[in-house]
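Engineer: Let's see this in three dimensions:
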Amino acid sequence: MNEHTIDKIIRDRARITPERIAIDESGRTWTYAELDARSDELARGLSHGDRVSTLTGNSGEHVALMFACAKAGAILHPISWRLAPAEVAFQLDDAEPAVFLIEDEHVELGEAALELASVRPALTLADSPREPESRAADEDPLLLIYTSGTTGRPKGALLTHANCFWTNLSFDLATGIRPEDVVLQVLPQFHCGGWNVQSILAWWKGAKIVLERGFDPARGLDLIERERVTSLMGVPANYLFMSQEPRFADADLSSLRLAVVGGAPMPVALLDVWAARGVHIVQGYGLTEAAPNVLCLPPEDARRKAGYAGKPYPYVACDLSAEGELLVRGPNVFPGYWRNEQETANTFRDGWLLTGDLAERDDEGNYRIRGRLKDMVVSGGENVYPAEIEAVLHDHAAVADAAVVGVADERWGEVCAAFVVVGSPVSEDELREHCLARLARFKVPKSFTFLETLPRNSVGKIQKSELKVNA
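Structural biologist: Now for the predicted structure:
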């Protein structure tokens, strides 16, 4: 069956709206016809089932390659250029790609990784005269995305054409992209969100993507103004850094119709900062294994249910385990990890995907993410959720960013340690009093460490494993 394959998106758009702009990358534009034609050229060098590893920044050429893989039935394996050579080598050996395409900017990293790797993939696509044929089926993999590896060795999550089709359809039904939208895309294309949160949907609908190679907060504000951006998606750090720009207070944000946040819970205090500028950010929740869209708030509930991730997307089902772990089921859920049956089995229970995230559900069916199951701190027999403490810290006017981790304690078993980034002077005692006024005593961090920045991974998520080492 091939009714829901992603190649149909670009073929249909090239037929219906060939001259409409699909991508604008720093002034270099791609029409839908050009994107379709270039993906045809690239598809000629691919075979069904090939893994195509890439080391590249965001680019229109990379988008064309994704559609080429969709047309040929190949699997795109985008690798983070922020990794160390040994980490890149691990992914190459695990994926065993037929070809490894390296952008000029990342040649040094790619060559260093190849010296450590056992595989010897081709470094260019074959120049084949054959015409590309759509040989992909709905259940064929399209994307191989490796998890960040914060809790162990990275695992390659396979996302099928059907996974990508249904997650984009459900996103459209919940929050929507319009043909006239201008979408600012800053999430990296080595991450699932770089494809399945707005981008593929925008091309499906015939909208324009303003594609950035990376995220720069000042430039982000400039682009919203200049390009009249109507929609964007980011992680909390993206919105935090833009709000800290000196010109944020005067930036023209009037074109923004839809601003979505995911990757981690958005502090209510930061939601308030954007709301004061007339932008009501829509909270969402997802994970790579769900391609990634799971929960969202409709725009009209963004303020009323601030702090909640919302209800399941259409076609997605959620529940809570006895332990409070969020469970997910639906056509967006991945079939498993690449060549890793044991980890795949460990990730499912009775047909439900185990997210590893603790959540609670209100009477309306809205879910709030309380933190990672493994992040939960048990102090003196009491369960403590770092996300709750982090929200309180973010409420302090001097705190620009905060993270809380559990550390061993002889008396209580575990206690909480806070790491904060401040925008104005504040003492440890002041922060402790601020927490004592809002939290039970056993939840108040035992220590407060001031940092210039919090360690984050390639998609902006805080690396709590690094904080634990220094706690």
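Engineer: so where's the stretch 351-471 of the chain uncertain?
Structural biologist: For the stretch 351-471 of the chain, the stretches flagged by pLDDT under 70 are 381, 469-471.
Engineer: Can you pull the domain assignment for the protein?
Structural biologist: 7-369, 375-470 (automatic domain parsing).
Engineer: Residue 98: how many residues sit nearby?
Structural biologist: Residue 98: 20 surrounding residues under other Cβ atoms under 10 Å. (Each C-beta comes from the backbone N, C-alpha and C, glycine too.)
Engineer: Check the gap between it and residue 119 for me.
Structural biologist: 10 Å (Cβ to Cβ, to the nearest Å).
Engineer: now swap in residue 162 and tell me
Structural biologist: 28 Å.
Engineer: what about these two, which has more around it?
Structural biologist: Comparing residue 162 with residue 119 by neighbour count (other Cβ under 10 Å), the higher total belongs to residue 162, at 23 against 16.
Engineer: That one: what secondary structure?
Structural biologist: When classified by DSSP: H, G, I helix; E, B strand; the rest coil, residue 162 comes out as helix.
Engineer: Let me see the contact set for it.
Structural biologist: Residue 162 is in contact with 4, 138-139, 331, counting by Cβ atoms under 8 Å, 6 or more residues apart in numbering.
Engineer: go with 6 Å
Structural biologist: Counting by Cβ atoms under 6 Å, 6 or more residues apart in numbering, residue 162 touches 4, 138-139.
Engineer: Buried only: go through these for me.
Structural biologist: 4, 138 (16 or more other Cβ atoms under 10 Å).
Engineer: mean pLDDT for the domains of the chain: which is lowest?
Structural biologist: Mean pLDDT is lowest for domain 375-470 out of the domains of the chain, coming in at a mean of 88.
Engineer: Run the chain-centre distance for that domain.
Structural biologist: Computed by Cα atoms, centre = their mean, to the nearest Å, the separation of domain 375-470 from the middle of its chain amounts to 24 Å.
Engineer: swap in stretch 19-34?
Structural biologist: Distance of stretch 19-34 from the chain centroid (Cα atoms, centre = their mean) equals 24 Å.
Engineer: Then stretch 186-196?
Structural biologist: Put simply, stretch 186-196 sits 6 Å off its chain's centre (Cα atoms, centre = their mean).
Engineer: can you list the residues that contact it?
Structural biologist: Stretch 186-196 is contacted from outside by 58, 62, 78-80, 145, 164, 167, 212, 215, 288, 291-292, 459, using Cβ under 6 Å, 6+ apart.
Engineer: Where do the strands of the stretch 101-250 of the chain begin and end?
Structural biologist: For the stretch 101-250 of the chain, strands defined by DSSP state E, counting those that start in this stretch occupy the ranges 141-146, 156-160, 182-185, 208-211, 231-234.
Engineer: Can you pull out the residues in contact with the second one?
Structural biologist: For strand 156-160, contacts defined as Cβ under 6 Å, 6+ apart pick out 139, 141, 143-146, 288-289, 291, 334, 337-338.
Engineer: ok, which pair from the residues you listed is furthest apart?
Structural biologist: Using Cβ to Cβ, these span at most 20.7 Å, a distance reached by 139 and 146.
Engineer: wait, residue 101 sits on residue 54?
Structural biologist: Yes. At 5.0 Å, residue 101 counts as touching residue 54 under the criterion of Cβ atoms under 6 Å.
Engineer: When the two are compared, which one has more neighbours?
Structural biologist: More neighbours surround residue 54 than the other of residue 101 and residue 54, with 25 against 22 (other Cβ under 10 Å).
Engineer: so where do the strands sit in the stretch 351-471 of the chain?
Structural biologist: Going by DSSP E, counting those that start in this stretch, the stretch 351-471 of the chain shows strands at 352-361, 367-372, 377-379, 382-384, 399-409, 413-422, 447-450.
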